[in-house]
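Student: structure for the following, please:
(chains A, B, C and D)
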2 protein chains.
Amino acid sequence: MKPTIGDVAAAAGVSRTSVSFAFNKPDRVAEATLERILAVASELGYVPDPVARSMSSGRTGAIGVLVPQALPSMVSNPLFAEFLAGVALTTESRELPILLVSPLQGSMERAVSGAAVDGFLTIGLEGFRPTVQMLDARRLPYVMVDSEPADGVACVNPDDVGGAYLAMRAVLDAGHRRIGILGIQSPPPHDWRNYTGTLARRMSGYARALAEFGIAIDDVPLVESEVSEESGVDATRELLEQDPALTAIISMSDICALGALEELSRRGLNVPEDVSVVGFDGIPEARWSRPALTTIAQDPIEKGRVSAALLVGLIDGTHTAAHLVLDTTLVAGESLAPPTR
Amino acid sequence: MKPTIGDVAAAAGVSRTSVSFAFNKPDRVAEATLERILAVASELGYVPDPVARSMSSGRTGAIGVLVPQALPSMVSNPLFAEFLAGVALTTESRELPILLVSPLQGSMERAVSGAAVDGFLTIGLEGFRPTVQMLDARRLPYVMVDSEPADGVACVNPDDVGGAYLAMRAVLDAGHRRIGILGIQSPPPHDWRNYTGTLARRMSGYARALAEFGIAIDDVPLVESEVSEESGVDATRELLEQDPALTAIISMSDICALGALEELSRRGLNVPEDVSVVGFDGIPEARWSRPALTTIAQDPIEKGRVSAALLVGLIDGTHTAAHLVLDTTLVAGESLAPPTR
DNA sequence: CTGAAAGCGCTTACAG
DNA sequence: CTGAAAGCGCTTACAG
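Tutor: As a prediction, this is how the structure comes out:
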């Protein structure tokens, strides 16, 4: 059987208290005793049980990253991989392992309720009421990333409004007036006016820029699409049916923008000569596409680093809940130019 | 304060046993009692504490993935990301969250000793004696991936010998006789004869193919290099100094092979006309390089899936330690052709 | 169907 | 410097 603290105590002829001290507060034990205990412990192959330790200390020493989808698809998403790398940047120095928590049989609540962590980082937990309630029930600090800021809860978001404004402004400044928007699918009835959080903020950024040019966003054709290249292709087709004379397409995600590039090329339309395309996110693939995508970049590594730092502060009690907004920047590719038709 | 099982029991007027049953074995409690307990629990916002649960059940319900380097660099490695996705494929269905365990202040032993998991998957834990000892001390099942198989411990490896043989055979069959090897840096004194595990296996595959053509591997120039593109560049330069008439370079990693491509192009040498290059691993970048790299592909997703399945079997007691070897295949790119000089 | 009690393996005031 | 004892929040035979 696995040796316990009691076995070591017995073999060394001391109390369990002393064994515990030997491992955790060595200076509270006499030199000779310390050495004896350590010798016995290593001979027996004793390692303090982490669970028992958490039980009495009240700390697990791990933080949970709650992902809204099945892990396999998340992990291969470059935006998520970089976010994780950023998280690791801060947890590494704090010696906190990361627990990847994904829905159990589709249930995020079950996943949250069973995770042995000191706090959570949630990704895109937009509108998941029961999950948020479970998070609260756990009485653990958490930081919501890519969601709708709520009172009293810590949030970290990219500057969606500012980024979207930048994107639309760039298109308008280039002279475009017949613009189409590739939206992201919202719950039925699929009306962007029901957007919340990230999507709503991006729309409001677009609207603001349009308003400066006297254009009402309601007059701009918008087609919703799932976040996949294929869906982007379909949505682009639909957009062009709604207004065949479009000179620019603004997409709420790079992935869909890539689909737009594809569909345009299939139709023999040149980018940016015939139609300009601007995306959002700044995924690596956007740089390799031909033409390279003009897009709004967020910094996922920084987002991860900052979110984790905020969570650690919450756990330590050195921070209080804050709403952080991270800069977004326009990355000029080759997919935006003045209209020619 | 956070409500405990005792608070619920008191409020519902039952014993803690009944509350526990209500959550874990609902059929052992009368219908009416069950409802009352659940109602009280949800009113109080009671969630069973995962740590306490692990304490008495002896299960944490998580598996640890032990990585040998700082997490930030690992996560952005596509080979690791795909491996993780594969692991998730099997843990997801078993409802096991993944704990990412990286060295704490450089100490893998500390990381292993403190991780609350039911088992470990180790990556490339080649020659880390103390870490393996700690793994044994934890008395937890573990599976070693990309290491040297040892008696009684479960291992999963790609077919390094077979893959390396394939690579060297392809080069020899194409007619090359003046071949250089881009090795991977081993501990001082940097002699490939000290290679163990993965590296030793790859070398033996090369040696076998060479032997079939009457070439002794000792007569083949080899330069060791760190696994980075820049180091690959340097090593290639050195290799060409050792034998300027080389017609083919075989690299033990794609990353370094990419460096070779770069250095060759700088020197105005065309690939594959002047010098052929063959890599190992099959990373995605190998497909985008120009020319596309001919390489030996392993399937990291499958490797992850299989390793995790083996570990889960070990944890459940339904498997015993096994040594698994996964297929590697030659992926024909454009970087290998018959020699012209 | 329900409950009293022991046990999981530690940590930590508190006394001595 | 050292130890007896309580406590962390659950689960689970065992009785009733």
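
Student: would you map the helices across the stretch 101-250 of chain A?
Tutor: A:108-114, A:129-137, A:160-173, A:197-212, A:229-242 (DSSP state H, counting those that start in this stretch).

Student: what residues of the longest one count as buried?
Tutor: With burial defined by 16 or more other C-beta atoms under 10 Å in any protein chain shown, the residues of helix A:197-212 counted as buried are A:197-203, A:205-210. C-beta here means a position set from N, CA and C on the backbone, and glycine is covered the same way.

Student: could the helices of the stretch 101-250 of chain A go into TSV alongside distance to DNA strand D and mean pLDDT?
Tutor: As requested, those are exported to TSV (distance: least, C-beta to the nearest atom of the strand, whole Å; pLDDT from 0 to 100):
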stretch	distance to DNA strand D	mean pLDDT
helix A:108-114	10	93
helix A:129-137	11	93
helix A:160-173	39	97
helix A:197-212	32	95
helix A:229-242	43	95
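
Student: now distance to B:Ser335 too, for those helices, in JSON lines please.
Tutor: Formatted as JSON lines, the helices of the stretch 101-250 of chain A follow (distance: least, C-beta to C-beta, whole Å):
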{"stretch": "helix A:108-114", "distance to B:Ser335": "45"}
{"stretch": "helix A:129-137", "distance to B:Ser335": "49"}
{"stretch": "helix A:160-173", "distance to B:Ser335": "39"}
{"stretch": "helix A:197-212", "distance to B:Ser335": "43"}
{"stretch": "helix A:229-242", "distance to B:Ser335": "28"}
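
Student: next, format those helices as TSV and append distance to DNA strand C.
Tutor: Listed next are these as TSV, based on distance: least, C-beta to the nearest atom of the strand, whole Å:
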stretch	distance to DNA strand C
helix A:108-114	17
helix A:129-137	22
helix A:160-173	43
helix A:197-212	40
helix A:229-242	50
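
Student: closest one of the buried residues of helix A:197-212 to A:Gly304?
Tutor: A:Thr198 (16.4 Å; C-beta to C-beta).

Student: quick check: the closest one touching A:Ser147?
Tutor: Yes - the pair A:Thr198 / A:Ser147 is scored as a contact, 7.3 Å apart, by C-beta atoms under 8 Å.

Student: now do A:Val275 against A:Gly163, distance only.
Tutor: 21 Å (C-beta to C-beta, to the nearest Å).

Student: could you identify the most distant pair in the buried residues of helix A:197-212?
Tutor: Largest pairwise distance in these, by C-beta to C-beta, is 20.6 Å, between A:Gly197 and A:Leu210.

Student: and A:Arg266, how many residues sit next to it?
Tutor: 11 (other C-beta atoms under 10 Å in any protein chain shown).

Student: before we move on, back to that, okay, the helices of the stretch 101-250 of chain A in JSON lines with distance to chain B next?
Tutor: Output for the helices of the stretch 101-250 of chain A, formatted as JSON lines (distance: least, C-beta to the nearest C-beta, whole Å):
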{"stretch": "helix A:108-114", "distance to chain B": "5"}
{"stretch": "helix A:129-137", "distance to chain B": "5"}
{"stretch": "helix A:160-173", "distance to chain B": "23"}
{"stretch": "helix A:197-212", "distance to chain B": "23"}
{"stretch": "helix A:229-242", "distance to chain B": "16"}
